[in-house]
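K.L.:
Predicted model, plus sequence, below.
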Amino acid sequence: MSWNPGDDVIAVQRAPAAGAAASTYRAFGATLKGLLASTKIQIGVAAGSVAAVGVLGFVVAPWGSGDGAADPVDLAGKRGAELRIFASVSAAVMLTTHSVVAILTVGELARRLGRAVGLTKYRRANLLDITVCTYPFLLPYFIPPILAASATSAGEVYGVPRVSPLEAGMSNVYSWALLAIALIAIFTGYGRSEGTAEEL
């Protein structure tokens with residue numbers, strides 16, 4: 001078996017009787033090539049994420065240092081605080097393309113806003129977690145849709161229709177439903193009353 005980087009498949013030196021095995025090797029080679037083709041995009045996304053973390057420092061800094069200083073804005077109640085948490089972590093995950101980095105960046109802001117209006121730590125954690133688990137599977141510049149699109153592009157040899165990262169994300173019903181549930185919970189207050197004052 002020899003690998004030719006310029007070829008679409010792995011060339012397999014087999015007897016005609018081993019057609020099934022050769023087909024398996026070709027499928028593996030096509031998939032591997034599709035995954036390798038997305039490497040440049042992934043490196044670009046990672047480099048952009050590192051730069052975005054620095055930018056987010058300037059975005060979050062005006063909210064205060066987290067040392068008990070007065071909040072600079074009128075929170076307009078629990079719903080307003082939840083919307084600010086949702087919007088902040090949404091911006092963070094879309095800029096950094098990393099859910100953990102987004103949560104760490106906005107976590108202190110969420111704690112201060114939530115405590116100021118009486119949101120429990122579980123409510124704040126749920127808002128952060130649900131929000132960052134949606135965008136990475138919806139937007140075309142995140143790694144999951146890119147990998148999905150790469151895998152389908154490699155399967156064109158076998159009649160698999162090619163799907164773009166945008167199409168892969170827009171077709172993800174689960175993530176759209178999760179995003180809708182987060183917004184419904186914020187606007188209706190569903191689950192907001194659960195918990196006690198000791199859990200702030």
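P.N.:
Good, I have the coordinates.

K.L.:
can you give me the strands in this protein?
P.N.:
If DSSP state E is used as the criterion, the chain turns out to lack strands entirely.

K.L.:
What is the least confident helix or strand in it?
P.N.:
Sorted by mean pLDDT, DSSP states H and E, the helices and strands of the chain end with helix 39-60, the least confident at a mean of 54.

K.L.:
Please parse this protein into its domains.
P.N.:
Residue ranges for the domains of the chain, per automatic domain parsing: 1-37, 38-199.

K.L.:
what residue ranges in the protein are flagged as low confidence?
P.N.:
1-76, 195-200 (pLDDT under 70).

K.L.:
My read is that residue 162 contacts residue 156, right?
P.N.:
Yes. Using Cβ atoms under 8 Å, residue 162 makes contact with residue 156 at a distance of 5.6 Å. For the C-beta atoms, the positions are set from N, CA and C on the backbone; glycine is no exception.

K.L.:
Starting from residue 159, give me the distance back to residue 145.
P.N.:
Noted for residue 145: a distance of 22 Å to residue 159, by Cβ to Cβ, to the nearest Å.

K.L.:
of the two, who's got more company?
P.N.:
Between residue 145 and residue 159, counted using other Cβ atoms under 10 Å, the more crowded position is residue 145 (24 against 6).

K.L.:
List the residues that contact the more buried one.
P.N.:
Shown in contact with residue 145 (Cβ atoms under 8 Å, 6 or more residues apart in numbering): 137-139, 165-166, 168-169, 172.

K.L.:
Identify, from those residues, the entry nearest to residue 121.
P.N.:
residue 137 (25.9 Å; Cβ to Cβ).

K.L.:
Is the closest one in contact with residue 169, as I believe?
P.N.:
Yes. Using Cβ under 8 Å, residue 137 is in contact with residue 169, at 6.5 Å.

K.L.:
overlap in contacts of these two?
P.N.:
145, 175.

K.L.:
Quick check on these two: which one has the bigger neighbour count.
P.N.:
When neighbours are counted by other Cβ under 10 Å, residue 169 comes out ahead of the other of residue 137 and residue 169, with 24 against 19.

K.L.:
measure that one to residue 132 for me?
P.N.:
In this structure, residue 169 and residue 132 are separated by 15 Å, where distance is defined by Cβ to Cβ.

K.L.:
Tell me how many other residues crowd the residue lying closest to residue 166 once chain neighbours are set aside.
P.N.:
Nearest residue to residue 166, sequence neighbours excluded (Cβ to Cβ, 6 or more residues apart in numbering): residue 140, at 4.2 Å. Residue 140 is surrounded by 14 other residues when neighbours are defined as other Cβ under 10 Å.

K.L.:
Report the contact partners of residue 140.
P.N.:
Going by Cβ under 8 Å, 6+ apart, residue 140 touches 146, 149, 164-166, 168-169.

K.L.:
The same query, at a cut-off of 6 Å, please.
P.N.:
165-166, 169 (Cβ atoms under 6 Å, 6 or more residues apart in numbering).
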